[in-house]
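Q: Below are the sequence and a predicted model for it; my questions follow.
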Number of protein chains: 2
Amino acid sequence: MARRPKRSGLVAGIDLGGTKVTFGVLNAEGKILAMDKRKTKAITGMEGVLDRVVDGLERTCKEAGSTLRDLDAVGIGAPSPVDFDEGVAIHAVNLGWKNVPLRKLLEDRLDLPVLVDNDVNVAAWGEFTAGAARGWSDALGVWVGTGIGGGIILGGKLWRGAFHTAGELGHMVLQPRGGLGRRTVEEHCSRLAMIRAMETLISSHPQSRMRAVLPRTPEDGPIGSSTIAEAYRAGDELVLRVVDDAADLLGLAIANAVTLLSVRGVVLGGGVTDALGKPFVDRVRESFEWHVFPTTLRKCRVVAAELGDAAGIVGAAALARTHLIGGG
Amino acid sequence: MARRPKRSGLVAGIDLGGTKVTFGVLNAEGKILAMDKRKTKAITGMEGVLDRVVDGLERTCKEAGSTLRDLDAVGIGAPSPVDFDEGVAIHAVNLGWKNVPLRKLLEDRLDLPVLVDNDVNVAAWGEFTAGAARGWSDALGVWVGTGIGGGIILGGKLWRGAFHTAGELGHMVLQPRGGLGRRTVEEHCSRLAMIRAMETLISSHPQSRMRAVLPRTPEDGPIGSSTIAEAYRAGDELVLRVVDDAADLLGLAIANAVTLLSVRGVVLGGGVTDALGKPFVDRVRESFEWHVFPTTLRKCRVVAAELGDAAGIVGAAALARTHLIGGG
């Protein structure tokens, strides 16, 4: 792709999720000039989603007082293992995509250089370059939301893995003899797992405020992080039990990852972490310190992400800047 | 340290263990010209051990038709987390060493450039450069013996970790609520763990041939890998149960490590693996495939190490050659 002769310093970051897309336009100093969100509408198919991505990006550029033509590059995080060198989204379950050449498709539509990486990788990279892990030599990012994902940064670089799947902490197995569906970290600690546990236990907690929303039918859709967080803060016994149990198991999984990787620190992000806040992060850290290989690795820091929803766009833009322009 | 003006191409590798030291002298093509072993005699203290190391190395040089002065460099693997840049063995439990500046101590005694790394790192590096993982882009090495250690090679380089402890797969926690002493991979799958399990179960297996050697007193010392392997091959029910259970749990731990790291393959080495051979490796692989994040990562190969006892000296010599001389 031919580069524009003159550079504006403007780079866009896109965080493409299963339910929503977040757009950002950042200047050469990494400052967010404009940020926007819209629904993904995966049901409209790949062409429909790409149309919405291009349209949303144009709108965000406008909010930043610029146009697509002013951008130097675009970085995008996709909810899929990504072949980074080829720019291909290998399998985006929530989008129904298999082997989608996302880089090429977007470069053709945008006439701009595009970088594609996994969504949690770009979020972890955002925290590493401009958030909670700023200045660290290496880091493990763990994102807790609908599911659980991870990103690994070693020696100042994202490690993406021989099979483009590195960092899949959510798919580590917690229960040696656990049956299918109740075996992995994600199946015990994600938002959906917490809701399932509450459904199982609700009958023995008749006082729980979750009775108002449980049981769920498929039409109800899952319960959001903010609903869980409100009940957690209100001291609802059922929610406290379920969330604390998930935090304990997540801390163990993170301890195992750090015992293996020996990284300087861990950043906890994602919708569940952001909504539950400090008590959740503290509980995860406590379990981490109890289970990690003693004693040196207890020095490994476990902290909350700082960038919230912006981690993905910041990281995607920073990666695009580094790889496509060669700047900071 | 001043380099010798003329190079012989000869490099020595040393594998320093808690009970024995292995020495090798290799030529420029990586061929082992001489290999030797002696007891470590950790009880003689650090000075005593270093004397034996220097003496053993001199003897091995002699067997190779050379002298210490002919060597270009020496690499040594120590049973300890190692500060690679400083050449310091941080905590060698089996030797009773803390923060021993092994590189400096050996350079002073040998008047040669010395490289120090962790023992499992150098063994994994041996398999990576000249053994089962030859030609791979990345690898996880897992060594099963008295304890369990691991080495991580990513993008063609050893990843040593921010705290010099990367690869400690043996200290990953298998049982979320497991008590101290029966919690980690090492506490379930190492040789010592297998022996403990046999001691617990021997009374309900009166026909087992292990009755001849169990229970043990501290004076008896632990049972060797070859004794376990003989009973395993003979179909001893107690030993089959214990070894297969350990293999299943080890396969799960390796699956978790690969789910996180997304490496091309895994090399299984160490005294227990070497003694038990193919049936053990097959069983570990089966459990690995059952537990690893499906389906891509099932392509990750799990194979037996090829170099046996020589992995450490080969890897230590290769690392010394690369880092101290700049050759292959």
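A: Perfect, thanks for sending it.
Q: which residues does A:Arg160 contact?
A: A:82, A:84, A:117-118, A:121, A:166, B:262 (CB atoms under 8 Å, 6 or more residues apart in numbering or on different chains). For every residue, glycine as well, the C-beta is placed using N, CA and C.
Q: and if we set it to 7 Å?
A: By CB atoms under 7 Å, 6 or more residues apart in numbering or on different chains, A:Arg160 lies in contact with A:84, A:121, A:166.
Q: Quick one: those residues as JSON lines, columns for secondary structure too.
A: JSON lines is the format used below for those (DSSP: H, G, I helix; E, B strand; the rest coil):
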{"residue": "A:Phe84", "secondary structure": "coil"}
{"residue": "A:Asn121", "secondary structure": "helix"}
{"residue": "A:Ala166", "secondary structure": "coil"}
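Q: now, which of those sits nearest chain B?
A: For the contacts of A:Arg160, the residue nearest chain B by CB to the nearest CB is A:Ala166; the value is 4.0 Å.
Q: Does the closest one touch B:Arg264 like I think?
A: No. Taking contacts as CB atoms under 7 Å, A:Ala166 lies outside contact range of B:Arg264: 11.7 Å.
Q: sorry, back to before: what would the contacts of A:Arg160 look like in JSON lines with distance to chain B, neighbour count and pLDDT?
A: Below are these laid out as JSON lines (distance: CB to the nearest CB, whole Å; neighbours: other CB atoms under 10 Å in any protein chain shown; pLDDT from 0 to 100):
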{"residue": "A:Phe84", "distance to chain B": "12", "neighbour count": "19", "pLDDT": "98"}
{"residue": "A:Asn121", "distance to chain B": "12", "neighbour count": "29", "pLDDT": "98"}
{"residue": "A:Ala166", "distance to chain B": "4", "neighbour count": "26", "pLDDT": "98"}
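Q: What is the nearest of these to B:Arg301?
A: The nearest member of the contacts of A:Arg160 to B:Arg301, counting by CB to CB, is A:Ala166 at 16.9 Å.
Q: what sits against the residue nearest to the closest one when sequence neighbours are not counted?
A: Nearest in space to A:Ala166, with sequence neighbours left out and distances taken as CB to CB, 6 or more residues apart in numbering or on different chains, is B:Ser262 at 4.0 Å. B:Ser262 makes contact with A:161-163, A:165-166, B:297 under the criterion CB under 7 Å, 6+ apart.
Q: now, among those, which is nearest to A:Leu214?
A: For those, the closest approach to A:Leu214 (CB to CB) belongs to A:Thr165, at 33.7 Å.
Q: Relative to chain B, how far out is the closest one?
A: According to CB to the nearest CB, to the nearest Å, A:Thr165 and chain B sit 4 Å apart.
Q: Need the contact partners of stretch A:217-226.
A: Outside stretch A:217-226, the residues within contact range by CB under 7 Å, 6+ apart are A:191-192, A:195, A:213, A:271-272, A:275.
Q: so who does A:Asp274 touch?
A: A:Gly308.
Q: On the C-terminal side of the helix or strand where it lies, identify the next helix or strand.
A: Under the criterion of DSSP states H and E, A:Asp274 resides in helix A:271-276. For helix A:271-276, the following helix or strand on the C-terminal side (DSSP H and E) is helix A:278-291.
Q: what about that following helix and chain B, touching?
A: Yes. Using CB under 7 Å from any CB of the partner chain, helix A:278-291 comes into contact with chain B via A:His291.
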